[in-house]
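A.B. asks: heads up, no residue letters with this:
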């Protein structure tokens, strides 16, 4: 046993010991049993020391054995109590739950109980001087009885303390897990902040400002200060939570900083691409007027009147796109990346809409020419779609489900009306095309519904 290990026992013994010989005796009792056995012969042999023979030697030896056993029990209880104190401190440092609070309160109750039984042990030791030459058998017997009772109380208390400690297993395991996470979590957060700072430095070296990212990184400085203050001030769970959040934000800054050169190059590429596309659409928009003239010359107004404003709308949309392109270029030059990206998205949407409108005029003329030349192909295509849906509706049935039969019957009638509407000198071919397309969509919808009802089977 080291000097540090024996200090608690020496302090307790010295507070309660009376006279010099008792100090020596208690000091011996505080030694580990093997060392006590080794020291005993030297302490009591030769040199005018006390004799261990004569009347009552057996009772004296039994009393001394009881004293030794009580000392060992005292040592074991104190060791168990110190180990348990570390466990309780670990739990309360991490866990603020009611269960952990109850455990801490119960531990304090054990501390009071340990103090009581320890005091009983010290009192028993102080009350009996087993080294007296005139120690008789009766005194030795009383000493043995008192020391045995003290030992039994110490052992009972230790057994209860051990059971209490075993019950703390889940709480202690969870707390140790949290503590094991603490240092690595804080270190990861610090390394993430360093990596983000290095990434920003590399970006700036390439002439990119990244002011927004720098501001976000600077905002994490107070959190780093709190991490450096440690869990002793802010608590283990809160420190781990803060470390995880700092890690997440720092990694986001680093990733965006590393991607910034690529993002700048991507914006430059999109600027060039959209400028080229705007010019191409502007050129195509200039070809809409001849297409409209052809539509007016060959077909009724119902076939082309919804396209009348396409040239004007296309020119306006292209002008808006070019304005947004200039704004995007300015934002790119000023390294306002989010603004540049937003304006480029607007340009793309404008050009998509304009392209569809410009394409619609040419598509209309081609479709009208095709159907006016051979209407039967469109009719056959539509009737085939309806018949295919009707066959599926009849599969496995003697009569179709009205929910499917009714829309298909209506679709057949609608197709017949569309065909009949082509009679006359100037048929509305566009109406015919929109009606056949609607009939095919009805047939396709019925097919989807039937297959969904049959669990996705192919019919």
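C.D. replies: It's in. Everything numeric here is computed off the predicted structure, so don't read it as measured data. Residues are numbered from 1 along each chain as shown.
A.B. asks: give me the pLDDT value at residue 432.
C.D. replies: Predicted confidence (pLDDT) for residue 432: 92.
A.B. asks: please tell me how far it sits from residue 415.
C.D. replies: Using CB to CB, to the nearest Å, one gets 10 Å for the distance from residue 432 to residue 415. Using the backbone N, CA and C atoms, a C-beta is placed for each residue, glycine as well.
A.B. asks: please give me every residue in contact with residue 240.
C.D. replies: 178, 181-182, 185 (CB atoms under 8 Å, 6 or more residues apart in numbering).
A.B. asks: residues contacting the spatially most central residue of the chain?
C.D. replies: The chain has residue 244 as the residue nearest its centroid, 8.8 Å off, counting by CA atoms, centre = their mean. By CB under 8 Å, 6+ apart, residue 244 lies in contact with 185, 189.
A.B. asks: also the one 5 residues further on?
C.D. replies: In this structure, residue 249 makes contact with 216, 220, judged by CB under 8 Å, 6+ apart.
A.B. asks: tell me the phi and psi of residue 130?
C.D. replies: phi -80, psi -10 (degrees, to the nearest 10).
A.B. asks: my guess is it contacts residue 67, does it?
C.D. replies: Yes. Counting by CB atoms under 8 Å, residue 130 touches residue 67, with 6.5 Å between them.
A.B. asks: find residues that contact each of the two.
C.D. replies: residue 143.
A.B. asks: compare the two and say which is more crowded by neighbours.
C.D. replies: Taking other CB atoms under 10 Å, residue 130 and residue 67 do not tie; residue 67 has more neighbours (26 against 20).
A.B. asks: low pLDDT regions in this protein?
C.D. replies: Along the chain, the parts satisfying pLDDT under 70 run over 1-56, 95, 231-232, 456-459.
A.B. asks: for it, give the helix that spans the most residues.
C.D. replies: In the chain, taking DSSP state H as the definition, the longest helix is helix 236-285.
A.B. asks: next helix or strand past it?
C.D. replies: Using DSSP states H and E, the next helix or strand after helix 236-285 towards the C-terminus is helix 288-298.
A.B. asks: okay, buried residues for that following helix please.
C.D. replies: Neighbour-count burial for helix 288-298 flags 288, 291-292, 294-295 (criterion: 16 or more other CB atoms under 10 Å).
A.B. asks: flag every buried residue along the very next helix or strand once past that helix.
C.D. replies: Toward the C-terminus, helix 288-298 is succeeded by helix 310-333 as the next helix or strand (DSSP H and E). Under the neighbour-count criterion of 16+ other CB under 10 Å, helix 310-333 has 310-311, 313-314, 317-318, 320-322, 324-325, 327-329, 331-332 buried.
A.B. asks: list the contacts for residue 197?
C.D. replies: So residue 197 contacts residue 217 (CB under 8 Å, 6+ apart).
A.B. asks: hang on, residue 171 packs against residue 93?
C.D. replies: No. Taking contacts as CB under 8 Å, residue 171 lies outside contact range of residue 93: 11.7 Å.
A.B. asks: okay, helices next: where are they in the stretch 51-200 of the chain?
C.D. replies: Taking DSSP state H, counting those that start in this stretch as the criterion, the stretch 51-200 of the chain carries its helices at 57-94, 98-127, 137-167, 169-205.
A.B. asks: got these as a markdown table, with distance to residue 419 columns?
C.D. replies: Converted to a markdown table, the helices of the stretch 51-200 of the chain look like this (distance: least, CB to CB, whole Å):
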| stretch | distance to residue 419 |
| --- | --- |
| helix 57-94 | 82 |
| helix 98-127 | 81 |
| helix 137-167 | 88 |
| helix 169-205 | 67 |
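A.B. asks: element containing residue 399?
C.D. replies: Using DSSP H and E, no helix or strand contains residue 399.
A.B. asks: for residue 446, see how far away it is.
C.D. replies: For residue 399, the distance to residue 446 - CB to CB - is 16 Å.
A.B. asks: residue 390: how many residues sit nearby?
C.D. replies: 18.
A.B. asks: ok, it - contacts?
C.D. replies: Taking CB under 8 Å, 6+ apart, one finds 400, 408 in contact with residue 390.
A.B. asks: for whatever helix or strand it lives in, the distance to its chain's centre please.
C.D. replies: Taking DSSP H and E as the criterion, residue 390 maps to helix 375-394. From the chain centre to the centre of helix 375-394 is a distance of 55 Å (CA atoms, centre = their mean, to the nearest Å).
A.B. asks: which secondary structure element is home to the nearest residue to residue 294 once chain neighbours are set aside?
C.D. replies: Using CB to CB, 6 or more residues apart in numbering and skipping the chain neighbours, the partner closest in space to residue 294 is residue 365 (6.0 Å). Secondary structure from DSSP H and E places residue 365 in helix 337-373.
A.B. asks: go on, residue 435?
C.D. replies: With DSSP H and E as the criterion, the answer for residue 435 is helix 429-453.
A.B. asks: tilt between that helix and helix 288-298?
C.D. replies: Counting by axes from the mean of the first three to the mean of the last three CA atoms, to 10 degrees, helix 429-453 lies at 100 degrees to helix 288-298.
A.B. asks: please shift the residue numbers so they start at 49 in all later answers.
C.D. replies: Right, with 49 as the first residue, what we last looked at is helix 477-501.
A.B. asks: contacts for helix 477-501 next, please.
C.D. replies: 347-348, 350-352, 412, 415-416, 419-420, 423, 426-427, 429-430, 433-434, 436-437, 440-441, 451-452, 455-456, 458-459, 462-463, 465-467, 469-470, 505-507.
A.B. asks: thanks a lot, see you next time.
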